[in-house]
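Enquirer: next come a sequence and a model predicted from it.
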Amino acid sequence: MGVLKKKKVTTLNNPYIHYQEKKEKLNAEHKKKLVRRLSIFGTLALMVIGVMVSTLISQHSRLEAKKQEEVRLEKSLAKYKQQETLLNEELTKLNDEEYIAKLARKDYFLSGKGEVIFNIPESKNKAKKDKESSY
């Protein structure tokens, strides 16, 4: 930068002086190119870091979503396993003749020979039991 200013002192026409001036100009140009290269490299590095950070953030959010989905699915799996256990127990009971007869009597009011079915409404029984338990 100092080379571009006009000097008040006259310079000598010496080959050494010309060599030094050329050397200063080359150093100034080299420094300018170095600053350009470093600024471009720095900009590219910042862009790469920005892309990496945004990728990291998006992966983190996807991971959190997957974890929440996993928890939800595990709860659902536990519910279905419990339901499967209950259905297997029901299946085992349905293979028993006595259970089927009891179920038919209860749900379909079927009776055996010599049996009489009395239908008592459950709502009145519950009301009586609730009154008795409150005392």
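Expert: Great, that's in hand.

Enquirer: residue ranges with poor pLDDT in the chain?
Expert: When residues are selected by pLDDT under 70, those of the chain lie in 1-7, 11, 124-135.

Enquirer: now the strands for it?
Expert: In the chain, no strands are found when defined by DSSP state E.

Enquirer: longest single helix anywhere in it?
Expert: Longest among the helix segments of the chain by residue count, using DSSP state H, is helix 15-94.

Enquirer: for it, what is the distance to the chain centroid?
Expert: With C-alpha atoms, centre = their mean, to the nearest Å as the basis, helix 15-94 stands 15 Å off its chain's centre.

Enquirer: list the helices and strands it packs on?
Expert: Contacts defined by 3 or more C-beta pairs under 8 Å, 6 or more residues apart in numbering; DSSP states H and E place helix 15-94 against no helix or strand at all. All C-beta spots, glycine's among them, are computed from the backbone N, C-alpha and C.

Enquirer: and the end-to-end length of stretch 104-117?
Expert: Here the two ends of stretch 104-117 are set 12 Å apart, with distance taken as C-alpha to C-alpha, to the nearest Å.

Enquirer: go through that stretch and flag the buried ones.
Expert: Buried residues in stretch 104-117, defined by neighbour count with 16 or more other C-beta atoms under 10 Å: none.
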